[in-house]
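S.K.: Below is the sequence, then the predicted model.
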Amino acid sequence: MGRRPGPSSLASLPVSVLQKEIKRRSKSLKSLERKRDKVAKKLASIEAQIAAAGGSAGSGGRRTRPQNSMTLVQAMSKTLAGKTMGVTELANAVRKDGYSSHAANFRTIVNQALLKHRRAFKKVSRGQYTTA
């Protein structure tokens, strides 16, 4: 059996003290909400200025994934068809063929795909791959 918790520290406070604390927190909440709205308005203004200058306005910190017509494995297979390439060469060729990715480590992602999809790709020699 579990132990029952002891009396809450709030239980020993008078109701009037609790009500005052609730009122104080409500006031600080309203103040914080006003600050948030002011900052959001300022951010919207800055994003509008960036867009007017020809830049790309942010989306509130959210990243958008590029939409590709085919998966990475499909794009790699198409690029490798009838050829033998190294990982770096393949990563560059896939991007050149139109596959879009914002990944800073795209070469590593291509390498992982080569290793994971052994049925689709064949290792010819050290660091050299072709389609299976």
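M.R.: Received it, and whenever you're ready, just let me know what you need. This one's a predicted model, so the numbers in the text were calculated from it and none came from an experiment.
S.K.: Please make it C-alpha for all contacts and neighbour counts, starting now.
M.R.: OK.
S.K.: Show the backbone phi and psi for residue 101.
M.R.: Here the main-chain torsion angles of residue 101 (degrees, to the nearest 10) amount to phi -150, psi 140.
S.K.: Tell me who's in contact with it.
M.R.: With contact set as CA atoms under 8 Å, 6 or more residues apart in numbering, residue 101 has these partners: 65-66, 95.
S.K.: which stretches of the protein have low pLDDT?
M.R.: Scanning the chain with the threshold set as pLDDT under 70 gives 1-8, 56-63.
S.K.: Buried ones in the lengthiest helix in it, by neighbour count?
M.R.: Ranked by number of residues, the top helix in the chain under DSSP state H is helix 15-52. Residues of helix 15-52 classed as buried by neighbour count (16 or more other CA atoms under 10 Å): 47-48.
S.K.: ok, back up a step: among the contacts of residue 101, who's most crowded?
M.R.: Scoring these on neighbours with other CA atoms under 10 Å, the highest-scoring entry is residue 95 at 15 neighbours.
S.K.: any idea which helix or strand comes after the longest helix of the chain?
M.R.: Of the helices and strands lying after helix 15-52 in sequence (DSSP states H and E), the nearest is helix 72-80.
S.K.: and that following helix, what does it pack onto?
M.R.: helix 87-96, helix 106-116, strand 128-131 (3 or more CA pairs under 8 Å, 6 or more residues apart in numbering; DSSP states H and E).
S.K.: any idea how far that helix is from the chain center?
M.R.: 24 Å (CA atoms, centre = their mean, to the nearest Å).
S.K.: That one vs helix 87-96, what angle?
M.R.: Computed by axes from the mean of the first three to the mean of the last three CA atoms, to 10 degrees, the angle separating helix 72-80 from helix 87-96 equals 100 degrees.
S.K.: Tell me what angle helix 72-80 forms with helix 106-116.
M.R.: Using the same axes, to 10 degrees: helix 72-80 against helix 106-116 is 90 degrees.
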